[in-house]
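Colleague: Need coordinates for the following:
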Amino acid sequence: MLNFKEKIKEETVRDKRWEIIQKRKNNPMGSLHTRHRKKVMICGICVIMAMVMLIGRLGYVMIFQSEYYLARADELHERERSIKASRGRIFDTNGVVLADNKTVCTISVIHSQIEDKEQVIQMLTKELGMEEADVRKRVEKVSSIERIKTNVDKEVGDKIREYNLAGVKVDEDYKRYYPYVTLASRVLGFTGSDNQGILGLEAKYEACLSGTNGQILTLTDAWGVELEGAEENRDEPEAGDDLYISIDYNIQSYAQQLAERTLEAKGAKRVSIIVMNPQNGEILAMVNAPEYDLNNPYELNYEVTEEDSGKSKMDLLNNMWRNFCINDTYEPGSVFKMVTATAALETGAASLSDSYTCGGSTRVGDRTIRCHKTTGHGTQTFTQTVMNPSVYIWKMLAYVKKLELERRNQRW
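Modeller: Alright, predicted model coming up:
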């Protein structure tokens, strides 16, 4: 009985399965097929959207970003060598060149292009006058380009170029040159090895004088080797602007000679002279003797004493470069006589027809002021009193102050 019932049950289940299969065959849009088709459609739509987005992005990069990526590609395939801009010259008020440029060369090597390393080392050591160990260290250094020496004389650079050795580059450059060596050294200042102003007018007007550097662009492969037959592209440098100053070469030269003679005659540490145009205040000359060599600014222009022996080289150089006329304070001395004489004339305390007798000293208030000439200058006119270091200038100043106090008291 049990077996019969089980057989009937199995047949019933089989009939239901067969019925379901028949229904699916007769109804291809059944629920199960619909569920799978939705999944396939969703996946297809996602794939299509992703493809559209990728195509859109690729089009954006190829059309709108093409210049950017072309420039980046050029940067990867081009080696750059800088070309210094010609620095603007400095002229005096009459057009005399006080600071000029001299053509020099920069010697470099490209490690990946060197064919005979030992020949390059021996040649550079000989022509540049450098230690072989220093040259070897730079030639053997693995880099895109290695600078061996800058500011090399053009004659030496031309001679190195004639060797025509692979991997050796000779680029023309500019170096600051001062034709009058020490003239107005503390006023003009100087430049460093990179042609950048360090002191004086060179540093003050750096933005105007410096100009814009250029560059040489050379096509290379992935290993940095220059491609044969490829042309070099050059971005030409823009020269700096020239600078015209109020310094007069003739007056500056005469004042500097006078300061040097005074320095030697008096045994002074330094002598400073300033010449101004009284009409507009222009500086015609500014001397700080002893001046230093602008073409060799790192060489001391004096012997180091025991007092200065404990100072560092940089402290000594800073002291040598210092412009005492504008950086230091000093007693006005005879310079202030112009102020005193003008005040005396304007207040009526003195006139051009007055005369005075200098006996070597005079008493002003509770103090005795002595003239540098102990015997005195004798009788002098007002003009001579101003010209000579007479003690009566101080007496005149005291009289002017006395008149001013009396006038103030009268007002009150």
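Colleague: Can you list the residue ranges for helices in the stretch 151-300 of the chain?
Modeller: Under the criterion DSSP state H, counting those that start in this stretch, the stretch 151-300 of the chain contains helices at 154-163, 185-188, 200-204, 206-209, 249-266.
Colleague: Show me what the nearest residue to G157 once chain neighbours are set aside is bridged to.
Modeller: Counting by C-beta to C-beta, 6 or more residues apart in numbering, G157 lies nearest to C105, which is 2.9 Å off, once chain neighbours are set aside. In short, each C-beta sits where N, CA and C put it, glycine included. Under the criterion DSSP bridges, C105 forms beta bridges with V152, E172.
Colleague: Output the below-cut-off pLDDT ranges for this protein.
Modeller: 1-36, 73-81, 219-232, 333, 364, 372, 389-412 (pLDDT under 70).
Colleague: in the host helix or strand of T357, what's buried?
Modeller: Here T357, judged by DSSP states H and E, is contained in strand 355-358. Buried residues in strand 355-358, counted by 16 or more other C-beta atoms under 10 Å: Y356, C358.
Colleague: Quickly run through the sheet partners of that strand, with directions.
Modeller: If you go by DSSP bridges, strand 355-358 pairs up with strand 378-381 (antiparallel).
Colleague: number of nearby residues for K204?
Modeller: Burial of K204 is recorded as 13 neighbouring residues (other C-beta atoms under 10 Å).
Colleague: From S272, how far off is it?
Modeller: Plainly put, K204 is 20 Å away from S272 if you go by C-beta to C-beta, to the nearest Å.
Colleague: Same check on I63?
Modeller: Per C-beta to C-beta, I63 is found 68 Å from S272.
Colleague: More neighbours: these two, which one.
Modeller: Between I63 and S272, counted using other C-beta under 10 Å, S272 has the larger neighbour count: 18 against 8.
Colleague: Relative to I283, how far out is Y163?
Modeller: In terms of C-beta to C-beta, Y163 sits 50 Å off from I283.
Colleague: More neighbours: which of the two?
Modeller: I283 (19 against 13).
Colleague: Pull the contacting residues for that one.
Modeller: Going by C-beta atoms under 8 Å, 6 or more residues apart in numbering, I283 touches S246, I247, I274, V275, M276.
Colleague: Of those residues - the most surrounded one?
Modeller: Busiest of these [other C-beta under 10 Å] is I247, holding 25 neighbours.
Colleague: hmm, back to that, hey, which of the helices of the stretch 151-300 of the chain is tucked in deepest?
Modeller: helix 185-188 (a mean of 24; mean count of other C-beta atoms under 10 Å).
Colleague: Can you give me the domain assignment for the protein?
Modeller: Structural domains annotated on the chain: 17-64, 80-179+211-244, 249-327, 333-411, as defined by automatic domain parsing.
Colleague: after the strand holding T357 comes which helix or strand?
Modeller: That would be, after strand 355-358 and using DSSP H and E, strand 361-364.
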